[in-house]
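# show me the folded form of this:
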Amino acid sequence: MNKLLIPVDFSIHSDKAIEYAVQLAQKSKHTIDLLHVFTDHSNIYQNALTNPELIDPRVPETKQKMKALIDRIQAELPEIQLNTIYADGNLYDEVSRLAVKEEYDAILMGTKGAFGLDALLVGSNMFDVFLNTKVPVLAVPYSEKTFKVDKVGLLCNFKYGEIDVLKQAIKVYGNDFELVLIHVNTSNESIHNIDKSFDVFIEKIIEETGIEDISYVIKSQTFFVQYKEDISSAINSVISDEMLDALLVTKSKKGFLRKIVEENIVRRMAYQIQIPKFFARRLEE
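This next block holds a predicted model:
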């Protein structure tokens with residue numbers, strides 16, 4: 001594969017997603033597809049292709065902006081391969097179509113903007129696209145922080161599918177990072193039993209991914225009672241304490257981690273958690 005897809009609306013938020021992808025591609029050699037969808041009229045781009053008399057001024061203006069963006073990147077990094085895709089219609093229909101047609105390792109999106117993750121979560125249909133697409137979604141917040149992937153968190157409930165998600169993230173990030181497993185103990189399981197579960201789970205991770213620098217954090221029920229916090233706030237506190245560079249989230253349709261992908265929590269994570277978030281489905285779902 002080695003391809004990344006980025007919806008582009010020329011906002012600071014999509015610019016940040018592109019910047020992040022370019023820095024990834026320097027290490028991973030990914031090709032980057034830049035997608036712009038003309039969403040305000042059904043046939044702006046098709047008309048421009050088929051009939052010169054029907055060319056809308058927004059089409060050449062958009063192409064000029066895209067060319068300037070690519071020229072700016074390749075002036076500094078000529079080895080980065082960038083492709084452009086233009087389409088008419090609904091952004092998320094087009095993203096879904098491309099996700100089926102092409103093989104991407106991830107779709108990168110700013111967390112805000114017309115083509116951002118927050119826009120995707122506005123309606124239930126868009127949320128279904130996010131939840132059900134087989135291609136991982138990497139949400140990139142607007143931040144002035146220096147690009148790093150030294151320390152990565154994985155939300156963990158000791159399910160094999162979480163290792164699937166980690167493997168998908170490795171295709172994008174490589175495996176040269178410290179992994180922090182984050183378990184939110186909503187069932188009040190004994191710490192002794194959780195420690196034993198971690199021992200077994202960490203052995204599986206090492207065997208299947210080659211990552212050996214692994215630690216874990218447990219957030220207990222008392223945290224929620226004492227501080228009146230919700231799950232996303234608990235996760236945020238771990239991110240801050242551990243100084244994580246990215247967070248991996250399983251888009252599970254069942255069990256505990258289903259709570260993580262419920263619409264309101266994902267929205268809160270999109271706005272509040274200021275590190276890149278890699279959302280992926282278990283491969284067997």
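# please enumerate the helices of this structure.
Along the chain, the segments classed as helices by DSSP state H run 12-28, 44-50, 58-76, 91-101, 117-120, 124-132, 160-173, 191-209, 221-227, 231-242, 263-272.
# now for the residue nearest to I70 when sequence neighbours are not counted: which residues touch it?
The shortest distance from I70 to any non-neighbouring residue, by Cβ to Cβ, 6 or more residues apart in numbering, is to L82 (5.1 Å). Quick note: C-beta positions are derived from backbone N, CA and C, even for glycine. Taking Cβ atoms under 8 Å, 6 or more residues apart in numbering, we find L82 in contact with 31-34, 70, 73-74.
# so what's L82 bridging to?
Beta-bridge pairing of L82 under DSSP bridges involves I32.
# pLDDT score for it?
Per-residue pLDDT puts L82 at 96.
# and K27, how many residues sit next to it?
12 (other Cβ atoms under 10 Å).
# before we move on, what about the one 5 residues further on?
Counted with other Cβ under 10 Å, residues neighbouring I32 total 21.
# coming back round to it: determine which two of the contacts of L82 are furthest apart.
Pairwise distances across these (Cβ to Cβ) peak at 15.1 Å, for the pair D33 and Q74.
# out of these two, which sits in the busier spot?
Neighbour comparison, D33 and Q74: the larger count goes to D33, with 21 against 14 (by other Cβ under 10 Å).
# was I right about I70 contacting T84?
Yes - at 7.4 Å, I70 counts as touching T84 under the criterion of Cβ atoms under 8 Å.
# low-confidence ranges in the stretch 151-285 of the chain?
Within the stretch 151-285 of the chain, the ranges that satisfy pLDDT under 70 run 221-232, 252-273, 284-285.
# to clarify, my last question referred to the stretch 1-150 of the chain.
The model of the stretch 1-150 of the chain has pLDDT under 70 over residues 1, 41-56, 113-132.
# try it again with 90
Within the stretch 1-150 of the chain, the ranges that satisfy pLDDT under 90 run 1-2, 13, 27-28, 37-61, 87-103, 109-134, 137, 139, 141-148.
# any idea how far V95 is from the residue nearest to I70?
Distance of L82 to V95, computed by Cβ to Cβ, to the nearest Å: 18 Å.
# what of D71?
Applying Cβ to Cβ to D71 and V95 gives a distance of 25 Å.
# more crowded one of these two?
Set D71 next to V95 and count neighbours by other Cβ under 10 Å: V95 wins out with 25 against 10.
# contact partners for that one?
5, 7, 35, 107, 129, 133.
# look up the closest residue to H13, ignoring the ones flanking it.
If the residues on either side of it in the chain are set aside, H13 comes closest to G110, at 2.9 Å by Cβ to Cβ, 6+ apart.
# partners of the one you found in the sheet?
Beta-bridge pairing for G110 (DSSP bridges): V140.
# list the contacts of it.
Residues near G110 by Cβ under 8 Å, 6+ apart: 11-17, 116-117, 139-142.
# for ChimeraX, what selects the buried ones among these?
Per 16 or more other Cβ atoms under 10 Å, the buried members of the contacts of G110 correspond to this ChimeraX selection:
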select :11,13,14,15,16,17,116,117,139,140,141,142
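# redo the contacts of G110 as TSV? Include distance to M66.
As requested, the contacts of G110 are exported to TSV (distance: Cβ to Cβ, whole Å):
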residue	distance to M66
S11	14
I12	16
H13	16
S14	11
D15	12
K16	17
A17	14
G116	18
L117	21
A139	22
V140	19
P141	23
Y142	20
